[in-house]
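Asker: structure, please.
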Amino acid sequence: MNYSELKNTDWLPTTVKEAKAKGWEEFDVVLFSGDAYVDHPSFANAVIGRLLESLGLKVAIVPQPNWQDDLRDFKKFGEPRLFFAVSAGNMDSMVNHYTANKRLRSDDAYTPNGKSGHRPDYPTIVYSNILKKLFPKTPIIIGGVEASLRRLSHYDYWKDELKPSILVDSKADMLVYGMGEQPLKEIVMLLEQGVPFNNLKSIPQTAYISKNEEKLTIPKKWDVINLSSHEDCINDKINHAKNFRHIEEESNKLEASVLTQKVGNNIIVVNPPYPTMSTKDLDSVFALPFTRLPHPKYNNKGVIPAYEMIRHSVNIHRGCFGGCAFCTISAHQGKFIASRSEKSVLREITQVTQMPDFKGYISDIGGPSANMYRMEGVDKEQCKKCKRPSCIFPSICNNLNTNHQPLTNLYKRARGIKGVKKAFIGSGIRYDLFLSENVAGQPDKRNYLEEVIEHHVSGRLKVAPEHTEDAVLKIMRKPSFKLFIDLKKKFDVINQRHGLNQQLIPYFISSHPGCEEKDMISLAEKTKKLDFRLEQVQDFTPTPMTVATVAFYSEYHPYTLEKIFTPKTKEAKQKQRSHFFWYKEDKAKKPSFKKDDFRRKKNYNKPR
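Answerer: Numbers count the residues shown, from 1 in each chain. As a prediction, the model looks like this:
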């Protein structure tokens, strides 16, 4: 791509003037997004826009529309021929807006200059309601992380209440959950064949509202699981916990069932997900004609922080089979890995080297987890019968191919591309995939760790043990802290062998369900002995559609239905978090002693 020759028409239009420059007067789809428009494969509005364009549609994007004025942003493109598409953006808007303590954030990484205030809380609901009032006859499809994780009853941490499917409050006609390319292709194909929108009831990976009196049109090939109603979940929290096990299992099965849930006089119907995307199909998405740049409308308006983080990075796969109790990745992307071909990845890296601001450093070759590339079940028939939400907890599945050699080979070829000085791994590495007892010592695992530490660490390797105590880690679905200690030893040895001075940076979480203050005290003591001054830490934030959030709200573990302790008050959460920062307390309490007062020096260094 010749970046010096790019014109405004190389982006999808965001104004009527830009559309006319392309010769467009009418539109097939108008896409509304809570994010600024960055034409890059890491930004959902660009991916969906480019996908629809590749289907021969005229697509306009309205990024961060003003919802507080005369609504001209919602009116400017008029009524599209097929449907409106609405997304809150790459992040859940409430995580984007608020801290774990519900304090309003002062910035927004998906807005020029990081300015806050350019999207409402729950933009999916706000945008959809505005469009429904302005254009009541035009179908609205909602999607993205915010909608996807709210497809059924869910706990809203910020309102502290159980909310029904977002379809109810948004008044949208359809919800596409997960990564939306496959369902959108089928939706467009059927609409172009003349099928009325209201008849699109059998498309996988979609959800819709049906009236109680209507007969559900569910294909015979799909089994049906009827969940407890929204009202029953409100009346008894254990019903919500019981529901969630079905929701998580069906989200992570190769052959899943339809889920239905009554809400008032309506029924929410969630169809099973599509099969995992093939390498060929995923490659075709990344081959779409992205400019990889923010839209020119943002020139001179300041950088977009989220773009600055990923502008020179490359995503190599989707999905995650870790199944962490606090994580939403598998709920949205699924646990089965969709990997790009090596050719596709290397082609994109070459494209990055041609960017005018590229200085020779690829910031990340990764994905939801850095080292799950090309990993899948050996026997697919076993996978079809599997209900496990995690392929690696409580132990690594014997049917899982954990070979790291394809990834190691990819790294070597990436750093051999002309113009690449360093190709870093910025995504989190699942070290249990090469250190767990039933895989440790295999040559491909040793080669992988050596390759990463010697060539692909930018001074700091980030990993996520999350906690030190086995009881808490079990609830988190994370491996024993002993594996992290093993990793640190190997990390230090390899660094010493190659004359490197790199740091291992661990991530930890406080106030997770099942975590008591004594666990945090133990965490502080153990990390202090390892000489870690923790920086990458966070307080648990309940987000929809995770085991941990269901446990936080219901106080039951959704799989065992046993009662589970969770710190909920602001004071309890802050007290747990404070144990991360023992070194700040030590500094504040450090006595003023003379040089020869050895005893006081010695006592100062004891763990508290």
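Asker: and the spatially closest residue to residue 473 that is not a sequence neighbour, its phi and psi?
Answerer: Using Cβ to Cβ, 6 or more residues apart in numbering and skipping the chain neighbours, the partner closest in space to residue 473 is residue 467 (5.3 Å). (Each C-beta comes from the backbone N, C-alpha and C, glycine too.) Residue 467 adopts backbone torsions of phi -160, psi 170, taken as degrees, to the nearest 10.
Asker: residue 549 now?
Answerer: Dihedral angles (degrees, to the nearest 10) for residue 549: phi -70, psi -40.
Asker: surely it touches residue 558?
Answerer: No. Counting by Cβ atoms under 8 Å, residue 558 is not a contact partner of residue 549; they are 9.9 Å apart.
Asker: now tell me what touches stretch 188-202 from outside.
Answerer: Residues from elsewhere that reach stretch 188-202 (Cβ atoms under 8 Å, 6 or more residues apart in numbering): 52, 55, 57, 82-83, 139, 173-174, 187, 203, 206, 208, 210, 216-219, 269, 271.
Asker: how does it look with 7 Å?
Answerer: Under the criterion Cβ atoms under 7 Å, 6 or more residues apart in numbering, residues 52, 55, 57, 82-83, 139, 173-174, 187, 208, 217, 219 lie in contact with stretch 188-202.
Asker: residue contacts, the residue nearest to residue 180 when sequence neighbours are not counted?
Answerer: Distances taken as Cβ to Cβ, 6+ apart put residue 143 closest to residue 180, at 5.0 Å, once the chain neighbours are dropped. Applying Cβ under 7 Å, 6+ apart to residue 143 gives the contacts 85, 87, 175-176, 180.
Asker: so for residue 143, what pLDDT did the model give?
Answerer: The pLDDT attached to residue 143 in the predicted structure is 98.
Asker: please apply the same query to residue 101.
Answerer: 89.
Asker: need the three-state assignment for it.
Answerer: Following DSSP: H, G, I helix; E, B strand; the rest coil, residue 101 is assigned to coil.
Asker: wait, it touches residue 570, no?
Answerer: Yes. Under the criterion of Cβ atoms under 7 Å, residue 101 makes contact with residue 570 at 6.2 Å.
Asker: what is in contact with those two at once?
Answerer: Common neighbours of residue 101 and residue 570 (Cβ under 7 Å, 6+ apart) do not exist.
Asker: just the helices in the stretch 151-300 of the chain please.
Answerer: 166-170, 181-192, 230-235, 237-251, 279-286 (DSSP state H, counting those that start in this stretch).
Asker: using a markdown table, lay out those helices together with distance to residue 576.
Answerer: What follows is the helices of the stretch 151-300 of the chain, written out as a markdown table (distance: least, Cβ to Cβ, whole Å):
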| stretch | distance to residue 576 |
| --- | --- |
| helix 166-170 | 31 |
| helix 181-192 | 41 |
| helix 230-235 | 28 |
| helix 237-251 | 23 |
| helix 279-286 | 40 |
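Asker: just so I know, which of these lies nearest residue 514?
Answerer: Checking those against residue 514 by Cβ to Cβ gives helix 237-251 as the closest, at 14.2 Å.
Asker: quick revisit: what's the neighbour count on the residue nearest to residue 473?
Answerer: 26 (other Cβ atoms under 10 Å).
Asker: what do you get for residue 442?
Answerer: For residue 442, using other Cβ under 10 Å, the count is 15.
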